[in-house]
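Novice: sequence plus the predicted model coming up.
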Amino acid sequence: MAEKNVSMAVDLGGVCMQNPVNTASGTFAFGSVFEDFFDVSRLGAITLKGCSAEPWPGNPAPRMCEVPSGMMNTVGLANPGVAGMVEQYGEYLAGLEGRGCRVIVQAAGHSVDEYVAAVELIEELCPWASGVEMNISCPNIARGGVLVGGTPESAAEVVRAVRPRVRRPLLVKMAPVRVPEIARACEAEGADALSLINTINGMSIDVRTRRSRLSKPTGGVSGPAIHAIAVRMVWEAAQAVKIPINGMGGIATWRDAAEMILAGATSVTVGTANFYDPACAADIVDGLSAWAAEQGVTDINELIGAFEC
Amino acid sequence: MTSGGLAVHEFTVALNEGVADGLMRIVISAPELAAALAPGQFVNIHVPGDASQILRVPLSFSHADAAAGTVEIVYAVVGDGTRRLSEMTAGETSTAVGPCGNPWPTVPAARRACVVAGGVGVTPVVACARMLAASGVAFDAVVGTQTAGKLWGTDVLEGLGAGAVAVTTDDGSAGRRGFTTDALADLLAEKDYDVVYTCGPEVMMAGVARLCRDAGVRCLVSMERMMCCGFGACGTCNVAMADGTYKSCCKDGPVFDAEEVAW
């Protein structure tokens, strides 16, 4: 088959992936449960559920509601803590790295100090990890309604504090706001790659009870509903910086992933679709390979940012 | 933890019919799924036809018939997903993720059980009764609904050998006027149960749990939450525990010991 001739490997800021397909934090747990559906080692990378230095319980129920072409969540980064994650999944994840799939550990925090504490534990306890993604954009843990990474200044502050403590490639997961400015701020502080977009803050109100359909007034919208916005933001980020972009937002098929690559994403990350089509990430690997062959390239890298206006 | 065999299973609708007001019974043909399911687990069904509804519909089943290769699901039509499911006809195909969640546990040395169903909670309760009947545990049943027209399953429970089937309705149109807890209180006073299994509205299960605690009887509850995946990836279906922690409805449940749950 023609697609065999296409080289699919990409370099996401030092995370060397066998193909561009990654999974989004919070949608793929710690990988192992998806082995029931497909061979996870076929993916370029997986990004783990965000972990903080200490375990976090997350928000009360209900944490999820459906919206047209998407869903909204307020999980609040419930996680077992870095040490708890390593205890339960470290062996599996080290093995997954050995099988050729890169593992990106995500660090969560509410403050600069908490991010520093999380990445220091990751450096100590996750020697197998290929990269660290710092999530500075979870809408569900914002304190006083302010995102840690909501301005170029605050994003720069936290990247500056964390960068010297991370010896591996550092990805920054950005908020879907002020994209070019925040992207440039993160690049200037030494980020190796940018992950975008995180969920877009939304609201859904039950008009009978007049209450939020979630346990909080707002939540993060994800799924196909936000895909077009995500493609635009990935394109804007790719114009603004030289470091590679890990593109995500509503990717459910290889076409969605191909769009992201054309907009400038080096890697393409499957999120919400993992919930309802749990083997789709593997299907996207196959679909992208066929698409690249059909586009007549010998290397998928030729298609990154190949969008023509 | 699941009992294994978690996969996306293709199915064909064998029949889909109304069985009571707002209640439908669908039988799907999916031999591998039917063989893998244990009573108390659930499936997460894709209802085709509306791309704007991306998530599956998680549903308990009343009978997984390995010999026939079918799964029977009695479901309430409550939202767009179940409304569209109710419009599927014999021969149509789709997929179900399963088995999801943990089965009802059998309680060692239990000789006599009571199963308590409220509303569409009757579905996993009927599956439980099948498990009890198959393992030789004697059981009584309480089935409660708002009104007579919404009742389903009493004949099935009788057919499975229930010693007594007490019916309650909010309006008194069938059985005793009142709640399942009224009937259960009387049964607990009369009989010596080793365990009570229940599924229904959370406020009802809280009442059942309270009665069981007072009577010193173990109580197992099947919880429901809004959820996405059904296999522990999304973290959205949390249930608050009495010790202040959360557990996942799909992965740690849906069956919990009533004493664990923060009512």
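Specialist: Great, that's in hand. Computed from a predicted structure; not experimentally measured.
Novice: near chain B, which residues of chain A?
Specialist: Where proximity means C-beta under 8 Å from any C-beta of the partner chain, the interface of chain A facing chain B comprises A:26-29, A:33-34, A:36-37, A:49, A:57-58, A:60-66, A:68-71, A:73, A:75, A:78, A:223-224, A:252, A:272-279. To be clear about C-beta, it is placed using only N, CA and C from the backbone, and glycine gets the same treatment.
Novice: now, of those residues, which are buried?
Specialist: Members of those that pass the buried threshold by neighbour count (16 or more other C-beta atoms under 10 Å in any protein chain shown) are listed as A:26-29, A:33-34, A:36-37, A:49, A:58, A:61-66, A:69-71, A:73, A:75, A:78, A:223-224, A:252, A:272-278.
Novice: longest helix of chain A?
Specialist: Longest helix in chain A by number of residues (criterion: DSSP state H): helix A:81-98.
Novice: buried residues in it?
Specialist: If you call a residue buried by 16+ other C-beta under 10 Å, then helix A:81-98 has these buried ones: A:Gly81, A:Val82, A:Ala83, A:Met85, A:Val86, A:Tyr89, A:Gly90, A:Leu93, A:Leu96, A:Glu97.
Novice: for stretch A:294-303, the distance to its chain's centre please.
Specialist: Chain-centre distance of stretch A:294-303: 24 Å, with C-alpha atoms, centre = their mean, to the nearest Å.
Novice: for stretch B:91-110, same thing?
Specialist: Average the C-alpha atoms of stretch B:91-110, do the same for its chain, and the two points are 10 Å apart (C-alpha atoms, centre = their mean).
Novice: same question, stretch B:209-220
Specialist: 19 Å.
Novice: quick one: end-to-end distance for it.
Specialist: Stretch B:209-220 has an end-to-end distance of 8 Å (C-alpha to C-alpha, to the nearest Å).
Novice: now that stretch: buried residues?
Specialist: Applying a neighbour-count criterion of 16+ other C-beta under 10 Å, the buried positions in stretch B:209-220 are B:Ala209, B:Leu211, B:Cys212, B:Ala215, B:Val217, B:Arg218, B:Cys219, B:Leu220.
Novice: tell me the secondary structure at B:Val27.
Specialist: Assigned state for B:Val27: strand (three-state reduction, DSSP: H, G, I helix; E, B strand; the rest coil).
Novice: list the contacts of the closest residue to chain B within the stretch 151-300 of chain A.
Specialist: Evaluated by C-beta to the nearest C-beta, the stretch 151-300 of chain A has A:Phe275 as its residue closest to chain B, separated by 3.9 Å. With contact set as C-beta atoms under 8 Å, 6 or more residues apart in numbering or on different chains, A:Phe275 has these partners: A:Thr27, A:Met71, B:Leu55, B:Cys228, B:Cys229, B:Ala233, B:Cys234.
Novice: make sure it is indeed in a helix.
Specialist: Yes. Counting by three-state DSSP, A:Phe275 is located in a helix.
Novice: pretty sure A:Thr266 contacts A:Asn22?
Specialist: No. Between A:Thr266 and A:Asn22 there is no contact under C-beta atoms under 8 Å: 9.9 Å.
Novice: between the two, which is the more surrounded one?
Specialist: Set side by side, A:Thr266 and A:Asn22 give different neighbour counts by other C-beta atoms under 10 Å in any protein chain shown, the larger being at A:Asn22 (34 against 26).
Novice: and the gap between that one and chain B?
Specialist: Noted for A:Asn22: a distance of 15 Å to chain B, by C-beta to the nearest C-beta, to the nearest Å.
Novice: and A:Ile136, by the same measure?
Specialist: Spatial separation of A:Ile136 from chain B under the definition C-beta to the nearest C-beta is 20 Å.
Novice: now for that residue: which residues touch it?
Specialist: Taking C-beta under 8 Å, 6+ apart as the criterion, A:Ile136 is in contact with A:Tyr115, A:Leu147, A:Val148, A:Gly149, A:Ser154, A:Ala155, A:Val158, A:Val159, A:Val172, A:Lys173, A:Met174, A:Ala175.
Novice: before I go, just wanted to say thanks for your time.
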